[in-house]
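# Need coordinates for the following:
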Amino acid sequence: MSDDAGLRDRLDRYVADLFAPEDDLLRDLRDEMARRGFPDIAVSASQGALLGVLLAAVGARRVLEIGTLGGYSAIWMARALPAGGRLITLEVDPDRAAFAREFAARAGLDDRIDVRVGAAIESIRAMIDAGEAQFDACFIDADKENYPAYLDHAFELVRTGGLVLADNVFWNGRILDEDPPDEGTRAILEFNRRLATDERIRATLVPVRDGLAVGVVTSGT
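Residues are numbered from 1 along each chain as shown. Next up, the predicted model:
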């Protein structure tokens with residue numbers, strides 16, 4: 001590990017310890033995900049706290065999360081919502097969805113977190129058809145190849161003044177490759193380029209962990 005990487009990790013731990021100490025439930029969730037062999041790709045505690053601050057800043061009541069994994073980020077965000085708030089989180093894997101529901105219930109948030117199973121694009125289209133696609137924020141943390149498509153849908157789903165957020169926009173530094181060979185990296189590059197140039201959103205990339213995109217929707221479609 002380089003000195004810079006070590007310093008970043010120490011600073012992240014400082015932020016987490018001061019602003020985002022994990023309670024027993026969150027620690028149990030992480031431990032159980034590891035025991036069950038879930039990929040180690042959940043947001044960090046410091047990122048969870050940042051997501052909560054951002055949601056509070058726009059007064060979010062309805063949030064869409066694309067990519068549930070074990071529900072760690074969903075719990076952080078749901079805890080930041082006011083009474084009556086709602087977070088819909090989309091997960092393609094039914095076993096992971098069941099796991100997330102279990103921990104949402106243990107957190108006392110099963111009335112606030114709605115875990116839906118299926119391909120995210122299909123679930124989003126179903127919400128649009130059902131007339132329930134109005135959100136204050138959308139957090140994207142799923143398959144990288146579909147990030148540009150998720151951004152297209154975010155413009156349909158998120159109100160003016162709402163947030164579009166996305167994790168892994170640095171993609172472990174692969175976005176700096178001059179000629180990336182894989183579709184995932186190319187998709188992240190396209191996602192980032194569109195965030196920077198689309199007149200419907202004002203955005204930037206925040207250098208926390210693997211990069212967090214933060215954008216405010218400035219106009220409807």
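
# Give the buried residues for the longest helix belonging to the chain.
Under DSSP state H, the helix in the chain containing the largest number of residues is helix 3-19. Buried residues in helix 3-19, counting neighbours by 16 or more other CB atoms under 10 Å, are found at Asp12, Val15, Ala16. Every C-beta, even on glycine, is put in place using the N, C-alpha and C of the backbone.

# which intervals of the chain have sub-threshold pLDDT?
Low-confidence segments of the chain (pLDDT under 70): 1-3, 220-221.

# And the helices in it?
3-19, 24-35, 45-57, 72-79, 94-106, 120-129, 147-157, 183-197.

# Can you work out which other helices and strands pack against the lengthiest strand in the chain?
For the chain, the strand that runs over the most residues, judged by DSSP state E, is strand 158-167. Contacts defined by 3 or more CB pairs under 8 Å, 6 or more residues apart in numbering; DSSP states H and E place strand 158-167 against helix 45-57, strand 135-140, helix 147-157, strand 212-217.

# same thing but 10 Å
helix 45-57, strand 62-66, helix 72-79, strand 135-140, helix 147-157, helix 183-197, strand 201-206, strand 212-217 (3 or more CB pairs under 10 Å, 6 or more residues apart in numbering; DSSP states H and E).

# so what's the residue most central in space within the chain up against?
Of all residues in the chain, the one closest to the mean position by CA atoms, centre = their mean is Phe139, 3.7 Å from it. The neighbours of Phe139, taking CB atoms under 10 Å, 6 or more residues apart in numbering as the test, are 43, 51, 54-55, 63-67, 73-74, 77, 87, 89, 154, 163-167, 212-213.

# What's the separation between it and Asp28?
Distance of Phe139 to Asp28, computed by CB to CB, to the nearest Å: 22 Å.

# which residue packs closest to Arg79, ignoring adjacent ones?
Nearest residue to Arg79, sequence neighbours excluded (CB to CB, 6 or more residues apart in numbering): Gly52, at 6.6 Å.

# Flag every buried residue along the longest strand of the chain.
Of the residues in strand 158-167, Val158, Gly162, Leu163, Val164, Leu165, Ala166, Asp167 count as buried by neighbour count, 16+ other CB under 10 Å.

# Next: stretch 39-46.
Buried, per 16+ other CB under 10 Å, within stretch 39-46: Ala42, Val43, Ser44, Ala45, Ser46.

# Let me see the contact set for the last one.
If I follow you right, that is Ser46. Per CB under 10 Å, 6+ apart, neighbours of Ser46: Leu11, Asp12, Arg13, Tyr14, Val15, Ala16, Asp17, Leu18, Phe19, Ala20, Val208, Arg209.

# For Arg194, state which of those is nearest.
Val208 (20.8 Å; CB to CB).

# my guess is that closest one contacts Val15, does it?
Yes. Taking contacts as CB atoms under 10 Å, Val208 lies within contact range of Val15: 8.5 Å.
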